[in-house]
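Novice: Okay, structure incoming, though there's no sequence with it:
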C-alpha cells in the first residue's frame, strides 16, 4: 500500500513547517448534495403534478439562487459564530493564565499526564510549554475545549457552499433549458450521475470504497426525489 506522504527528513520538515489550513470539503459536499437534491426534488414534484417545463425552469432557478444563497448565508453565520466563540475562549484562557497561572498550569500538567507523560518528563514538558503562552493556549483550546486551532473563514465557507450548490443544482434544469426530448428522464439520469460522483468524491476522504460511497449518496438523493415525485403526483392537473 502506498503511503500518503513521504517521511524523509526534508519531506517531514516541509510538511510540518507549512501552516495548516482549513478544509472546505464539508462545505462543498454539503452544498452539492443539497443543491442536487432540492432542485431535483422540485423538478420531480412539478413533473409529478404534470405542469409545464416553463414552471419547472422558473421554480428550479428560484430554488438554485434563493436556497443556495440561504444555505451560504446560514453557513457563513454558523462559521462566524464558531470563529467568534474561538476568539472568546482564547481571551478567556489569556485572562486565566494572567490571573490564575498556577491553576492553569495544573490543567496543563493534567492534560499532558493524560497523554501518557509522567515523572520528570511530565514536569519538563509542562515547564517548556508554559514558557510559550501561544503554545499553551493552543493546547488548552484543543484539549480543554475540543476546538481546532485552525481558525475558520466564514466567507470562504459560504462561497464553497454556494458554488457547489449552484453547480450541482443546475444539473436537473439543463435538459429543460435546452428543450431535450423526455427532459425529465434525462434530468433523472444526469442527477443520478451527479449524486454518484459526489459520493465517489467523498470516498477520497473516507475508508469506504468509492462505489459504496457513490451508491450511498445516490440512494439518499433517489429517496428524496421519489418522495417529491409522489407528493407532486397527488396534485396532478
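Specialist: Yes, it's here. Keep in mind the model is a prediction, meaning the values are calculated, not measured.

Novice: center of this structure, which residue is that?
Specialist: Nearest to the mean C-alpha position of the chain, counting by CA atoms, centre = their mean, stands residue 26 at 1.5 Å.

Novice: Contacts only, for it.
Specialist: Neighbouring residues of residue 26 by CB atoms under 8 Å, 6 or more residues apart in numbering: there are none. From N, CA and C alone the C-beta is placed, and that goes for glycine too.

Novice: what does residue 234 give?
Specialist: residue 48.

Novice: Next up, phi/psi of it, please.
Specialist: Note on residue 234: its backbone torsions stand at phi -70, psi -20 [degrees, to the nearest 10].

Novice: Now do it against residue 192, distance only.
Specialist: In this structure, residue 234 and residue 192 are 23 Å apart, going by CB to CB, to the nearest Å.

Novice: Show me the shaky parts of the chain.
Specialist: Across the chain, the ranges flagged by pLDDT under 70 are 1-5, 12-13, 15-17, 19-21, 236-237.

Novice: one more time with 80
Specialist: Along the chain, segments meeting pLDDT under 80 span 1-23, 45-51, 149-152, 180-181, 203-207, 221, 224-225, 228-237.

Novice: And the helices in it?
Specialist: Taking DSSP state H as the test, the helices found in the chain are 9-17, 25-48, 53-62, 68-99, 101-114, 119-130, 133-143, 154-170, 174-177, 183-202, 210-233.

Novice: Check these for me and report the most buried one.
Specialist: helix 25-48 (a mean of 24; mean count of other CB atoms under 10 Å).

Novice: Contacts for stretch 175-194 next, please.
Specialist: 32, 36, 40, 43-44, 47, 53, 56-57, 60, 168, 171-174, 218, 221-222, 225.

Novice: do that again at 7 Å, thanks
Specialist: 36, 40, 43, 47, 53, 56-57, 168, 171-172, 174, 218, 221 (CB atoms under 7 Å, 6 or more residues apart in numbering).

Novice: same thing with stretch 197-208?
Specialist: Here stretch 197-208 makes contact (CB under 7 Å, 6+ apart) with 25, 29, 32-33, 209-210, 213-218.

Novice: Please tell me how far the residue lying closest to residue 48 once chain neighbours are set aside sits from residue 195.
Specialist: Nearest residue to residue 48 in three dimensions, chain neighbours excluded: residue 232, at 2.9 Å (CB to CB, 6 or more residues apart in numbering). Look at residue 232 and residue 195: by CB to CB, they are 19 Å apart.

Novice: give me every residue that touches residue 143.
Specialist: residue 111.

Novice: Start at 216, not 1
Specialist: Fine by me, first position is 216 from now on; the one you just mentioned is residue 358.

Novice: how near is it to residue 351?
Specialist: For residue 358, the distance to residue 351 - CB to CB - is 11 Å.
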